[in-house]
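Visitor: model the following, please.
(one chain, ligands or ions: 1)
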Amino acid sequence: MTILVTGAAGFIGSHLCVQLLGRGDSVIGVDNLNNYYDVSLKRARLSLLEGNENFRFFHADVSNESDISGIFNNNGPIRRVVHLAAQAGVRYSIENPMAYVQSNLVGQMIILEQCRRHQGFEHLVYASSSSVYGGNTKLPLAISDRVDRPISLYAATKRSNELMCYCYSHLYGLPATGLRFFTVYGPWGRPDMAAYLFTEAILGGQPIKLFNHGNMKRDFTYIDDIIAGVISALDHIPAAVGDVPPHRLYNLGNNHPESLLKFVDILERELGCKSIREMLPMQLGDVTETYADIKAAQLDLGFAPITTIEQGLPQFVAWFRSYHGV
Ligand SMILES: NC(=O)c1ccc[n+]([C@@H]2O[C@H](COP(=O)([O-])OP(=O)(O)OC[C@H]3O[C@@H](n4cnc5c(N)ncnc54)[C@H](O)[C@@H]3O)[C@@H](O)[C@H]2O)c1
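Guide: This is a model prediction of the structure:
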């Protein structure tokens, strides 16, 4: 089967491509290799894929309609898409809001249009985010909870993606599954996220920034558990039921929130050095705690995250040391 993966040079996308190729799928990867973070990391992830004869890569922007329609039209029938390309990051959406409008809203619309126009198209799986829960305080965060109070533009674009997909499912019967990821970490992880930022700072003798004075909890979810959930979602094509269109939403989180300070303690132990902790107030757009209710994903997709931060952080540190030669 041929699967189009957008954001293929990204953290989650590159891991997904490795797993899909490993089980015998053909993968068409798309990424614009933007410089939101170090492009050499994106290229290094791609180099893991490019030797595989079942992988083709297109350096293209999902918000460029002619490039994306060309890829759909010229690469055999593409029946399944995993759309992960997006401008990620809560904090950067305060600085550069238009990047989010272009990649996350225009880009998603162009992918949706291509999917619904192609005869025989089977399933669109796309990335949403735990950030759609905004400042909700009822925990765990459940799919049935209200999500109309985003507190960052990033979250607003991700919630908009869900509504756009719901609408296309309703209008055109397009099967689509949205996945709300909860703080994903692991080897090849993003330089703007806690595991990478803290490891880099601790090894460099620089202070780490702990917002809300470190009084935060996150449902840190290991990359392999996330990828298992994405692939299971891809293989479960939603059906229309009565007046419910073939659109589903799932939380993919570890279902086990951990304190940020414990996360730092484990990193320090693994790195063999202490951090310099800079305690700071809460940041605009951030939330104090995330905790995923994963009942629906367990039931429908067999989603079963198993990796604790005690197991997952050493894997990240080992990768960081070998990638950077430190
Ligand atoms: N990592 C997490 O913890 C997390 C949590 C919630 C949601 N998500 C979502 O999951 C998806 C993947 O996240 P990630 O952590 O792998 O991020 P990432 O930034 O590593 O990957 C995204 C990739 O998309 C590419 N991209 C961005 N805009 C593009 C565009 N307009 N056209 C083509 N390519 C473009 C980037 O170059 C990048 O390689 C994103 O949609 C993100 O919002 C991630």
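
Visitor: how about the residues of the stretch 151-300 of the chain near the ligand?
Guide: 181, 183, 184, 190 (C-beta under 6 Å from any ligand atom). (Each C-beta comes from the backbone N, C-alpha and C, glycine too.)

Visitor: what does the stretch 1-150 of the chain give?
Guide: Residues of the stretch 1-150 of the chain that fall close to the ligand, judged by C-beta under 6 Å from any ligand atom: 7, 9-13, 30-34, 42, 61-63, 84-88, 103, 107, 127, 129.

Visitor: out of these, which sit inside strands?
Guide: Among those, the members falling in strands (DSSP state E) are 30, 31, 127, 129.

Visitor: between those, which is nearest residue 209?
Guide: Lowest distance from residue 209 to those (C-beta to C-beta) belongs to residue 129, with 21.3 Å.

Visitor: so what's the predicted local confidence for that closest one?
Guide: Looking at residue 129, its pLDDT reads 98.

Visitor: could the residues of the stretch 151-300 of the chain next to the ligand be laid out in CSV, adding pLDDT, distance to residue 249 and neighbour count?
Guide: Formatted as CSV, these follow (pLDDT from 0 to 100; distance: C-beta to C-beta, whole Å; neighbours: other C-beta atoms under 10 Å):
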residue, pLDDT, distance to residue 249, neighbour count
181, 98, 12, 24
183, 97, 18, 21
184, 98, 17, 23
190, 98, 23, 20
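
Visitor: just to revisit the earlier point, now the residues of the stretch 1-150 of the chain next to the ligand: which count as buried?
Guide: 7, 9-13, 30-32, 42, 61-63, 84-88, 103, 107, 127, 129 (16 or more other C-beta atoms under 10 Å).

Visitor: now, which of those lie within helices?
Guide: 11, 12, 13, 42, 107 (DSSP state H).

Visitor: got a list of what the second one touches?
Guide: Shown in contact with residue 12 (C-beta atoms under 8 Å, 6 or more residues apart in numbering): 84, 127, 181, 184, 223, 226, 227, 230.

Visitor: ditto for the first one
Guide: For residue 11, the contacting residues are 45, 184, 188, 189, 190, 223, by C-beta under 8 Å, 6+ apart.

Visitor: packing partners of the longest helix seen in the chain?
Guide: Ranked by residue count, the top helix of the chain under DSSP H comes out as helix 153-172. Judged by 3 or more C-beta pairs under 8 Å, 6 or more residues apart in numbering; DSSP states H and E, the packing partners of helix 153-172 are helix 92-95, helix 97-100, helix 107-117, strand 123-129, strand 176-181, strand 247-252.

Visitor: got the buried residues for the first one?
Guide: Looking back up the chat, that one is helix 92-95. Taking 16+ other C-beta under 10 Å as the criterion, helix 92-95 shows 92, 93 as buried.

Visitor: what's that helix packed up against?
Guide: Partner elements for helix 92-95 (3+ C-beta pairs under 8 Å, 6+ apart): helix 97-100, helix 153-172.

Visitor: and the longest one, by the same measure?
Guide: Under the contact criterion of 3+ C-beta pairs under 8 Å, 6+ apart, the helices and strands touching helix 107-117 comprise helix 65-74, strand 80-83, strand 123-129, helix 153-172.

Visitor: need the ones you listed in JSON lines (columns: distance to residue 53).
Guide: As requested, the helices and strands packed on helix 107-117 are exported to JSON lines (distance: least, C-beta to C-beta, whole Å):
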{"stretch": "helix 65-74", "distance to residue 53": "18"}
{"stretch": "strand 80-83", "distance to residue 53": "20"}
{"stretch": "strand 123-129", "distance to residue 53": "24"}
{"stretch": "helix 153-172", "distance to residue 53": "32"}
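
Visitor: now for the ones you listed, which one comes closest to residue 251?
Guide: Among those, strand 123-129 comes nearest to residue 251, with 9.3 Å by C-beta to C-beta.

Visitor: send me that closest one as PDB with only the CA atoms.
Guide: C-alpha atoms of strand 123-129 as PDB (Å, rounded to 0.1, in the frame of the first residue of the first chain):
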ATOM      1  CA  HIS A 123      -8.400   7.400   5.100                       C
ATOM      2  CA  LEU A 124      -6.900  10.600   6.300                       C
ATOM      3  CA  VAL A 125      -5.200  10.500   9.700                       C
ATOM      4  CA  TYR A 126      -4.000  13.900  11.000                       C
ATOM      5  CA  ALA A 127      -2.200  15.400  13.900                       C
ATOM      6  CA  SER A 128      -4.200  17.300  16.500                       C
ATOM      7  CA  SER A 129      -2.900  18.200  20.000                       C
END
